[in-house]
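A.B. asks: here's my sequence, what's the structure:
(chains A and B)
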2 protein chains.
Amino acid sequence: MSNLDKKPYKGCRDFFPELKRKQNFIFARMQKIATLHGFEPYDGPMLEMIELYKAKSGEELINDQIYSFVDRGNREVAIRPEMTPTLARMVASIHREISKPIRWFSIPNLMRYEKPQRGRLREHWQFNCDVFGAPKSFGELEVLQVIKNLLTSFGATSEHFAIYINDRKIVDALFNALNLSEEKSYKLIKLIDRSKKISLESLDQAADEILDPKQKKIFLNYLQLKNFHEAKIFIEENLNLADIELFDLVEMATSTSLSEFLSFDPSIVRGLDYYTGIVFEVFDLNPENKRAICGGGSYANLLQIFNEPALSGVGFGLGDVTLVDFLETHNLLSDFSKASFEVFLSISTDQALNSSFHLAENLRKMNISVEHHPNPVKPKKAIQIASKKGIQKVIFIGEEEIGKNIFKIKDLESGTEKEFSYTDFSHIKEFLK
Amino acid sequence: MSNLDKKPYKGCRDFFPELKRKQNFIFARMQKIATLHGFEPYDGPMLEMIELYKAKSGEELINDQIYSFVDRGNREVAIRPEMTPTLARMVASIHREISKPIRWFSIPNLMRYEKPQRGRLREHWQFNCDVFGAPKSFGELEVLQVIKNLLTSFGATSEHFAIYINDRKIVDALFNALNLSEEKSYKLIKLIDRSKKISLESLDQAADEILDPKQKKIFLNYLQLKNFHEAKIFIEENLNLADIELFDLVEMATSTSLSEFLSFDPSIVRGLDYYTGIVFEVFDLNPENKRAICGGGSYANLLQIFNEPALSGVGFGLGDVTLVDFLETHNLLSDFSKASFEVFLSISTDQALNSSFHLAENLRKMNISVEHHPNPVKPKKAIQIASKKGIQKVIFIGEEEIGKNIFKIKDLESGTEKEFSYTDFSHIKEFLK
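C.D. replies: Numbers count the residues shown, from 1 in each chain, chains lettered A, B, ... in the order given. Sure, this is the predicted structure:
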């Protein structure tokens, strides 16, 4: 008894109503945008066998970040740290039976053992969209559209965010040109991954440890590429690579408003993840909050671990924490502090309780949301409480009303008051508009 | 590599789109009904410190059913098996600052280590509604209304389900009258809990082991009580108990349509849970599926473990698995096999791809959901695919349309076809109605 903590578990959030309304609003928007783009909803279990992650995810994730344990049946299981392995398992089990492309979205809660900090918590929700079996660049364009249209639906513009994009095939060709061992490639990809976060000096030094002077020069030239045009020239001059999907995608994007958000970024490689083609990250352009809101890319071999034939895919994950940070940084979210029920139903005597329960039931049948106040209060007090809660319409039932077998409703904004009888209040809908 | 299982973890579900659409539909309905009744949304973490459950839940839950483990920081944690302890923690932390009554609802995913069987899975979602700080019977009536109105919103009637109700104060008074030791009380409450599931003979035998003949007679008389009237007489004749909340509640309920669903049931005690007053269970009346859809009750001391003053409350949990079983048993759910996007957008030549991306973007801006088919197909084939998917409107862009700088849309139901130019298709909304 007694010394129980009232705080949530480290890195997790308690969603009190204001926060939960905000989250519901954001989830509803994700669902709406995904549906507009022809994505169907899916979900999977909170727990998976750990083998699934061992086969699929980066080592760091398994070793340092996963919540795993042995269940009562001696199975080693893990709380899902990301959705892609579950998605791959599900698609592997039915992709032969359904028509392509498969467009699926989900908003699961995930757990990672992270050191809690701004934008990173142990539990978060993540909007996942994936397309399987679409022709080259088609699925890529669609998922990028979903991200762009989600963010712009809140009012964000190309002044607020950019989509930094690259192609793992360019990176692979670069590594081929540099003729690197597997070990050095591994180190170099890690270095590219963090190149924007370290000083030029550290970058230089780290590059010296992996590359000879000639290699290093090419590498640093690569990292300095600023746009698609420079990238094209660099590739022509240095790499043995034709038919670059990235440039096809950029070309296709010109028929939509996506173009103004796309920017070439040689440092986007998405680490040691399963990506094999296009890779991208969406960045907040506010210098105070310069972080990735979302990342994703194309993968060719996601089903391989299930012994299934290759099925090309592309997808992204967008976390609720980083999204809200982004939206709030740019003042793109409204106020969620009020519950916004339509009617505050109050009584000024206990004798009115039966009438008020009867009325509440009938209003709800008419799809009117009612906060029913249990304690008898004077009209003035009822108005006070309702105002504080942001409810505009207040119903009173007091002794006078009981005597006349009516109830009164007041519009707090206009001050108008109207009486209704219990036998006919169908017109109340108009009063509530 | 290779032998990875494509099945979900035991007792968990993969939600492929059809199943997820069904779940989304049900969740949206729960959210709507809760909101109509003035409940605000909340949520908590997937993980809690195990102490919270040790302080709050039944022993069986902790010993046999909870998913617990030690985290990397050496904290003993558990995946939430129920929502009430989290709710109690959250309410304990803020109840002093907010106005009463507090009406909150949530639809969390929960894990219990159960033997998977019909109606019971390891992972399920549970609709939770609770009211804190309402006057006697008021909160009880409200949560019962939510349950009743949720089920009737799907078309269920009093032929499909009943709410069996009891009052723990009656059970306590019975135990006082029988003058039982704590140990015997414990055994007897367990026996009441399972009395409907065992034969009369076993019941008789089990009662003999706990009670003397005189006690047993009273006990069996209690168990045979059929309705509120019989209960009233039994209490007057045998127990020392006045001001029975249950009867106040039943009286209040007469002003609403709740009455026809309420039925006295002496066997409802809700085991060793934290309930202190009204207890209830909602039962499917179909003899093939005679199981509880939902259970709940009133508790006076939920905040005690946090050293907070008593705050009366009442709530229920309603699982998604049992709810869907109930609705499907009675044929109260529609078909969720189709995605129901509004427009199927098809091209018959790759040259149309840019136009189709441009058009898709603009239709979505008008809030029209578009499934964009990537591969060039003949109009006939497009109609076939769209029909199979249940999409009624099909747009074609072929060579002819490109030449005329238009697109065609066909209503598969009426057979009507219409042409639109890209520069003015605002009237397409009317065609889509």
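
A.B. asks: can you give me the pLDDT of A:Glu399?
C.D. replies: A:Glu399 is assigned a predicted lDDT (pLDDT) of 94.

A.B. asks: quick check, it in contact with A:Ile347.
C.D. replies: No: in this structure, A:Glu399 is not within contact of A:Ile347 by CB atoms under 8 Å, at 10.0 Å. C-beta coordinates here come from the backbone N, C-alpha and C atoms, glycine included.

A.B. asks: between these two, tell me which one has more neighbours.
C.D. replies: Taking neighbours as other CB atoms under 10 Å in any protein chain shown, A:Glu399 and A:Ile347 compare with A:Ile347 leading, 28 against 12.

A.B. asks: am I right that that one is in contact with A:Ile397?
C.D. replies: Yes: under the criterion of CB under 8 Å, A:Ile347 makes contact with A:Ile397 at 5.0 Å.

A.B. asks: quick check: neighbours shared by those two?
C.D. replies: Taking CB atoms under 8 Å, 6 or more residues apart in numbering or on different chains as the contact rule, A:Ile347 and A:Ile397 both touch A:Ser355, A:Ser356.

A.B. asks: any idea how far B:Lys216 is from A:Leu180?
C.D. replies: 85 Å (CB to CB, to the nearest Å).

A.B. asks: what about those two, which has more around it?
C.D. replies: A:Leu180 (19 against 15).

A.B. asks: A:Asn109 and chain B: what is the separation?
C.D. replies: Applying CB to the nearest CB, to the nearest Å, the value for A:Asn109 to chain B is 6 Å.

A.B. asks: now do the same contact list for the residue nearest to that residue when sequence neighbours are not counted.
C.D. replies: Leaving aside its chain neighbours, A:Asn109 sits nearest to A:Trp125 (5.2 Å; criterion: CB to CB, 6 or more residues apart in numbering or on different chains). Residues near A:Trp125 by CB under 8 Å, 6+ apart: A:Gln23, A:Phe27, A:Ile107, A:Pro108, A:Asn109, A:Leu110, A:Gly319, A:Asp320.

A.B. asks: just the buried ones from those residues?
C.D. replies: Among these, those buried by neighbour count (16 or more other CB atoms under 10 Å in any protein chain shown) are A:Gln23, A:Ile107, A:Pro108, A:Asn109, A:Leu110, A:Gly319, A:Asp320.

A.B. asks: distance of the second one from chain B?
C.D. replies: The span separating A:Ile107 from chain B equals 10 Å under the rule CB to the nearest CB.

A.B. asks: can I assume that residue is in contact with A:Ile33?
C.D. replies: No: judged on CB under 8 Å, A:Ile107 makes no contact with A:Ile33 at a distance of 11.6 Å.

A.B. asks: whether the helix or strand harbouring A:Phe326 contacts chain B - can you check?
C.D. replies: Applying DSSP states H and E as the criterion places A:Phe326 in helix A:320-329. No: Helix A:320-329 stays clear of chain B (CB under 8 Å from any CB of the partner chain), getting no nearer than 11.5 Å.

A.B. asks: report all helices and strands that the next helix or strand after that helix contacts.
C.D. replies: As assigned by DSSP H and E, the chain's next helix or strand after helix A:320-329 is strand A:343-347. Here strand A:343-347 touches helix A:353-365, strand A:370-372, helix A:379-389, strand A:393-397, going by 3 or more CB pairs under 8 Å, 6 or more residues apart in numbering or on different chains; DSSP states H and E.

A.B. asks: would you list the strands that strand A:343-347 pairs with, along with their directions?
C.D. replies: Paired neighbours of strand A:343-347 in the sheet (DSSP bridges): strand A:370-372 (parallel), strand A:393-397 (parallel).

A.B. asks: what angle do it and helix A:379-389 make?
C.D. replies: Angle of strand A:343-347 versus helix A:379-389, following axes from the mean of the first three to the mean of the last three CA atoms, to 10 degrees, is 150 degrees.

A.B. asks: strand A:343-347: how far from the chain's middle?
C.D. replies: Computed by CA atoms, centre = their mean, to the nearest Å, the separation of strand A:343-347 from the middle of its chain amounts to 38 Å.

A.B. asks: quick one: mean pLDDT for that strand?
C.D. replies: In this model, strand A:343-347 has an average pLDDT of 98.

A.B. asks: list the contacts for A:Asp5?
C.D. replies: So A:Asp5 contacts B:Met49, B:Glu51, B:Arg89 (CB under 8 Å, 6+ apart).

A.B. asks: these: which ones sit near chain A?
C.D. replies: Answer for the contacts of A:Asp5 near chain A (CB under 8 Å from any CB): B:Met49, B:Glu51, B:Arg89.

A.B. asks: tell me the secondary structure for A:Lys115?
C.D. replies: coil (DSSP: H, G, I helix; E, B strand; the rest coil).

A.B. asks: and it, how many neighbours?
C.D. replies: 8.

A.B. asks: contact residues of the stretch 301-433 of chain A facing chain B?
C.D. replies: A:304-307, A:339, A:341, A:353-355, A:357-358, A:361, A:364, A:367-372, A:374-375, A:385, A:388.

A.B. asks: can you flag the buried ones in the residues you listed?
C.D. replies: A:304-306, A:339, A:341, A:353-355, A:357, A:361, A:364, A:368-372, A:374, A:385.

A.B. asks: sorry, back to before: turn the helices and strands packed on strand A:343-347 into JSON lines, including distance to B:Asp130.
C.D. replies: Listed next are the helices and strands packed on strand A:343-347 as JSON lines, based on distance: least, CB to CB, whole Å:
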{"stretch": "helix A:353-365", "distance to B:Asp130": "18"}
{"stretch": "strand A:370-372", "distance to B:Asp130": "15"}
{"stretch": "helix A:379-389", "distance to B:Asp130": "19"}
{"stretch": "strand A:393-397", "distance to B:Asp130": "25"}
